[in-house]
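Dropping the sequence and predicted coords here.
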Amino acid sequence: MKPGSTVAVVGLGGIGLNAIIGAQLAGASKIIALDINPNKFDMAKKLGAAHTCDSSDAKAVDELKELTHGGVNYAFETAGVVPAM
């Protein structure tokens, strides 16, 4: 990942939260955290996510495209389940 990249992290368990930390350390300009459990959004924001999206919402992809003006440079799927992919 290059500094200034936009990043999406799908799944906000331990691995996903560490991916947010890594993206921030790498200099990401915008980090978007996605999960089906909105209770995880506060921690994601504390660790560096600029935005959060409910990935169970059918509009999540459109919201992601709007936030990033077309899409992210890097996406990390850390949920480990097929629907998240």
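Received the coordinates, thanks. Not measured: the values here are computed from a predicted model. Residues are numbered from 1 along each chain as shown.

Point out where this structure drops to low pLDDT.
83-85 (pLDDT under 70).

ok, which stretches of it are strands?
Assigned strands in the chain, in chain order: 6-10, 30-35, 51-54, 74-77 (criterion: DSSP state E).

would you turn these into a markdown table with mean neighbour count?
Backbone N, C-alpha and C define where each C-beta goes, glycine included. Shown next, in a markdown table, are the strands of the chain (neighbours: other Cβ atoms under 10 Å):
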| stretch | mean neighbour count |
| --- | --- |
| strand 6-10 | 25 |
| strand 30-35 | 25 |
| strand 51-54 | 18 |
| strand 74-77 | 17 |
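
now these in JSON lines, with distance to Asn18?
Converted to JSON lines, the strands of the chain look like this (distance: least, Cβ to Cβ, whole Å):
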{"stretch": "strand 6-10", "distance to Asn18": "9"}
{"stretch": "strand 30-35", "distance to Asn18": "12"}
{"stretch": "strand 51-54", "distance to Asn18": "17"}
{"stretch": "strand 74-77", "distance to Asn18": "10"}
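
The longest helix belonging to the chain: how far from the chain's middle?
Identified as the longest helix of the chain according to DSSP state H is helix 14-25. Offset of helix 14-25 from its chain centre (Cα atoms, centre = their mean, to the nearest Å): 9 Å.

same question, stretch 29-36
On Cα atoms, centre = their mean, the centre of stretch 29-36 falls 2 Å from that of its chain.

Contacts for that stretch next, please.
3-12, 16, 20, 23-24, 40-41, 44-45, 48-56, 60, 64, 67-68, 72, 79 (Cβ atoms under 8 Å, 6 or more residues apart in numbering).

let's see it at 6 Å
4, 6-10, 12, 20, 23, 44, 48-53, 55-56 (Cβ atoms under 6 Å, 6 or more residues apart in numbering).

Equivalent analysis for stretch 52-66, please.
Residues external to stretch 52-66 that are found in contact with it (Cβ under 6 Å, 6+ apart): 33-36, 38, 41, 44, 71.
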